[in-house]
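Enquirer: Build me a structure from this.
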Amino acid sequence: MDVSTRHYILVCMSLKLKLKGFASRKDGFFILLAVGLMLLIVGLQQLLPSGKPLPFARIDGDLVRISSTGDITERYKVTEERELSIVIQDYSGKYKLRDLGISLDEKPTIEPYIVESRLRRLIPFSTLAQVFRDSRPSYTSSKKSLFIVTSAIADQINKPAKNAELITDTAVPQIKASVDGVLFEPQKATFAIFEAVENSDSEVTLSSKSTTPEVTTAELELATSAFTGLLPEEITIKIGSQSSILPKSTMYRWLSYTVKDGKPEVDFDGEKLKIYAEELTKVFASGELPTATIVNLVDGIETGRISGTSGKSIIPEDLMKAITSAIKNQEATVNAVLVDVPSPIRFTRSYTKSSAGLQDLLNQITEGKEISIRYIDIYSRGWDVGSRQNTRSNMASTYKMFVLYSVLKRIEAGTMSFTEQVNGQTMDSCLQTIIIDSNNECAIAIAERIGWTTIANEGKALGATGLDWSEELWGTASDASVIPAKLARGEILTETNRNYMLDLMKRQRFRNGIPAGTPHVVADKVGFIDGWLNDAGIVYAPDQTYVLAIYTSGQSWGTIAEITRQIESLAL
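Expert: A predicted model of the protein is given here:
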């Protein structure tokens, strides 16, 4: 190997060593630079104040500047105005989250935006990851408020299943077809609605189920056919030498059915057979019929009687047994029997214009019905009478009188104002729609703000001791009369606020109950839900202002108006 070759090799080796040293120095530099950068980032992360929000964060999907936690809650509070579509079969309705009783849960919503602990900030870029993390808001809900809304939806959707009907006013019996029902259960819907809100869904589809009637068309047709197939073309009814023909067409008109062990059983209607027996009695024993004993009652107390006489009659139950036996045994003749019967007693009632007379009237009105009544004189006489007035009932929207009272009480104390915002409007506007329009959303929002239990306890302190709002809005007609009575006597609130409340009650727009039954000015509050129709208020008659509360189930507004008229016939 010559000198030049060796020199070339030595130069290359030297250059290689120099390059390798340079590369090593460069890698070290970058490592040091990276470590320094990491330390700088960690240092900057440590400078962030603990317990404070990040300076920047993604809120509701947008990267925004944050100066305080108020920026976070203000941004997310807007979502309470977001609408959720609730779909159930053919029903569709849009509801704001706040109207559903769903509100932002501020503490867990803010937590993801608070600077993490200093220990965690030792991890490089952990704060940056926190900035870009897509955190969802957390919500809280009022089960009571949500249940009230879903119950109102259920009122529109639910349809009871209808049993097949037996029509007997035609030449031959006819069957009116059964109809399936629809059942939407509010309790089961609340979880699905809240889950949809948590997932930021714009729509939630809730399930309802079809309910089958207890008696279907096919079942009733089979039972009717089986019974009518045994009926003869006619039966001869005999008493001694007298007789009367009972044709099959007449027997058809007696048909009715009952349900036993889930199946329809067709038989004769006892009441219709009783009428037939009475007609036979007139034919067979026209000169021997008993006459009624008339008992006169005044305010429920007997004041006299006119005695009747005993006589002879056909016992309807015995005749029905005889006819049924004849059909079963394929006999064409039935021997009816006239038996001695005592004089039937009939009552004639009258009422004096007195507390006792009104008490007896109310007892007769409520007997055997789901009706509760309380009447209170305000200025004179001191009448305070009722019937079933302490019976536990669904208050429906009459509870809103207690909500309004609690708000006005706080306005007087300075802890609330007419101008503060509630449900996207002023408190004044909200209170007006609660009473005038019986608005549920405003009532719920205010009740949530004050507290359902607090409002109920304040009502109890006034004397409405039957209030029970632990699950649903239970109370009594007596409870519903408390606030109207105290308003009329000037015992609660300032004069200005009393007049404010009374003005709203005078302007409430549902006037088919108590107001329809009197010609006088009425300040009242109605309630209606699940078949309950309630009305409670003050009637300003010229000579006697009075308070009247009427709670009913399965009745009509016309019934409440008629009760009012009957009461006034004695009380005024």
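Enquirer: Tell me who's in contact with Val87.
Expert: The neighbours of Val87, taking Cβ atoms under 8 Å, 6 or more residues apart in numbering as the test, are Glu203, Val204, Thr205, Leu206. Glycine gets a C-beta too; all of them are placed from N, C-alpha and C.
Enquirer: Redo the residues you listed as JSON lines? Include distance to Thr419 and neighbour count.
Expert: Converted to JSON lines, those look like this (distance: Cβ to Cβ, whole Å; neighbours: other Cβ atoms under 10 Å):
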{"residue": "Glu203", "distance to Thr419": "35", "neighbour count": "12"}
{"residue": "Val204", "distance to Thr419": "35", "neighbour count": "18"}
{"residue": "Thr205", "distance to Thr419": "40", "neighbour count": "13"}
{"residue": "Leu206", "distance to Thr419": "38", "neighbour count": "21"}
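Enquirer: want to throw those residues into TSV with distance to Ser310?
Expert: Shown next, in TSV, are these (distance: Cβ to Cβ, whole Å):
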residue	distance to Ser310
Glu203	74
Val204	71
Thr205	70
Leu206	65
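Enquirer: Going by distance to Val172, which of those residues wins?
Expert: Closest approach between the contacts of Val87 and Val172, by Cβ to Cβ: Leu206, at 44.8 Å.
Enquirer: First residue to last residue on stretch 115-122, what's the distance there?
Expert: Across stretch 115-122, the terminal residues are separated by 12 Å (Cα to Cα, to the nearest Å).
Enquirer: What's the per-residue pLDDT of the most centrally placed residue in the chain here?
Expert: Nearest to the mean C-alpha position of the chain, by Cα atoms, centre = their mean, lies Ser151 at 4.6 Å. Here, the pLDDT recorded for Ser151 equals 79.
Enquirer: from the middle of its chain, how far away would stretch 337-355 be?
Expert: 42 Å (Cα atoms, centre = their mean, to the nearest Å).
Enquirer: still on that earlier bit, what separates the residue nearest to the centre of the chain from Ala189, distance-wise?
Expert: Distance of Ser151 to Ala189, computed by Cβ to Cβ, to the nearest Å: 10 Å.
Enquirer: pretty sure Glu214 contacts Lys260?
Expert: No - under the criterion of Cβ atoms under 8 Å, Glu214 is not in contact with Lys260, lying 11.0 Å apart.
Enquirer: quick one, which of these two is more surrounded?
Expert: Using other Cβ atoms under 10 Å as the criterion, Glu214 and Lys260 rank with Glu214 on top: 15 against 8.
Enquirer: Determine the three-state secondary structure at that one.
Expert: Under DSSP: H, G, I helix; E, B strand; the rest coil, Glu214 falls in the coil class.
Enquirer: Can you name the residues that contact it?
Expert: Going by Cβ under 8 Å, 6+ apart, Glu214 touches Ala161, Asn163, Val259, Gly262.
Enquirer: Can you check what pLDDT the model gives the nearest residue in space to the first one that is not next to it in sequence?
Expert: With Cβ to Cβ, 6 or more residues apart in numbering as the criterion, Ala161 has its nearest non-adjacent residue at 3.3 Å, and that residue is Gly181. Gly181 carries a pLDDT value of 91.
Enquirer: Pull the contacting residues for Gly181.
Expert: Applying Cβ under 8 Å, 6+ apart, the residues near Gly181 are Asn158, Lys159, Pro160, Ala161, Lys162, Ser210, Thr211, Thr212, Pro213.
Enquirer: Quick check: phi and psi on the fourth one?
Expert: In other words, Ala161. The phi and psi values for Ala161, taken as degrees, to the nearest 10, are phi -70, psi 140.
Enquirer: Would you mind measuring from it to Val341?
Expert: Ala161 sits 43 Å away from Val341, going by Cβ to Cβ.
Enquirer: from what I can see Ser202 touches Leu84, true?
Expert: Yes - contact status for Ser202 versus Leu84: in contact at 6.7 Å, counting by Cβ under 8 Å.
Enquirer: What is the nearest of the contacts of Gly181 to Ala443?
Expert: For these, the nearest to Ala443 is Asn158 (22.2 Å; Cβ to Cβ).
Enquirer: for that closest one, what are its contacts?
Expert: If you count contacts by Cβ under 8 Å, 6+ apart, Asn158 has them with Gly181, Val182, Leu183, Phe184.
Enquirer: Apply the buried test to the contacts of Glu214 and list what passes.
Expert: Buried subset of the contacts of Glu214 (neighbour count, 16 or more other Cβ atoms under 10 Å): Ala161, Asn163.
Enquirer: Tell me the helix or strand right after the helix-or-strand element of the chain with minimal mean pLDDT.
Expert: The least trusted helix or strand in the chain, going by mean pLDDT, DSSP states H and E, turns out to be helix 3-47, with a mean of 62. Using DSSP states H and E, the next helix or strand after helix 3-47 towards the C-terminus is strand 56-59.
Enquirer: Return the backbone torsion pair for Cys442.
Expert: Here Cys442 shows phi and psi, under degrees, to the nearest 10, equal to phi -60, psi -40.
Enquirer: For this protein, which residues score under the pLDDT cut-off?
Expert: Residue ranges of the chain with pLDDT under 70: 1-26, 45, 60, 79-80, 141, 285-287.
Enquirer: Go again with 50.
Expert: The chain contains residues with pLDDT under 50 at 1-5, 7-8, 10-12, 15, 17, 19, 22.
Enquirer: care to break it down by domain?
Expert: As assigned by automatic domain parsing, the chain contains the domains 69-112+137-213, 217-350, 355-571.
Enquirer: Compile those domains into TSV and extend it with columns for distance to Arg120.
Expert: As requested, the domains of the chain are exported to TSV (distance: least, Cβ to Cβ, whole Å):
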stretch	distance to Arg120
domain 69-112+137-213	13
domain 217-350	65
domain 355-571	36
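Enquirer: Let me know which of the ones you listed is tucked in deepest.
Expert: For these, the largest average neighbour count (mean count of other Cβ atoms under 10 Å) is found in domain 355-571, namely a mean of 19.
Enquirer: thinking in terms of the whole chain, how far from its middle is that one?
Expert: 18 Å.
Enquirer: Kindly check the end-to-end length of that domain for me.
Expert: End-to-end distance of domain 355-571 (Cα to Cα): 8 Å.
Enquirer: so where do the helices sit in the stretch 201-350 of the chain?
Expert: Taking DSSP state H, counting those that start in this stretch as the test, the helices found in the stretch 201-350 of the chain are 217-228, 248-253, 270-284, 316-328.
Enquirer: And those: which comes nearest Ser50?
Expert: helix 217-228 (73.6 Å).
Enquirer: Which single one of the contacts of Asn158 is nearest to Leu97?
Expert: Phe184 (20.5 Å).
Enquirer: nearest spatial neighbour of the closest one, skipping sequence neighbours?
Expert: Ser208 (4.0 Å).
Enquirer: what about that neighbour, distance to Thr150?
Expert: For Ser208, the distance to Thr150 - Cβ to Cβ - is 12 Å.
Enquirer: what would the contacts of Glu214 look like in JSON lines with distance to Lys328?
Expert: Below are the contacts of Glu214 laid out as JSON lines (distance: Cβ to Cβ, whole Å):
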{"residue": "Ala161", "distance to Lys328": "33"}
{"residue": "Asn163", "distance to Lys328": "26"}
{"residue": "Val259", "distance to Lys328": "22"}
{"residue": "Gly262", "distance to Lys328": "24"}
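Enquirer: All good on my end, thank you.
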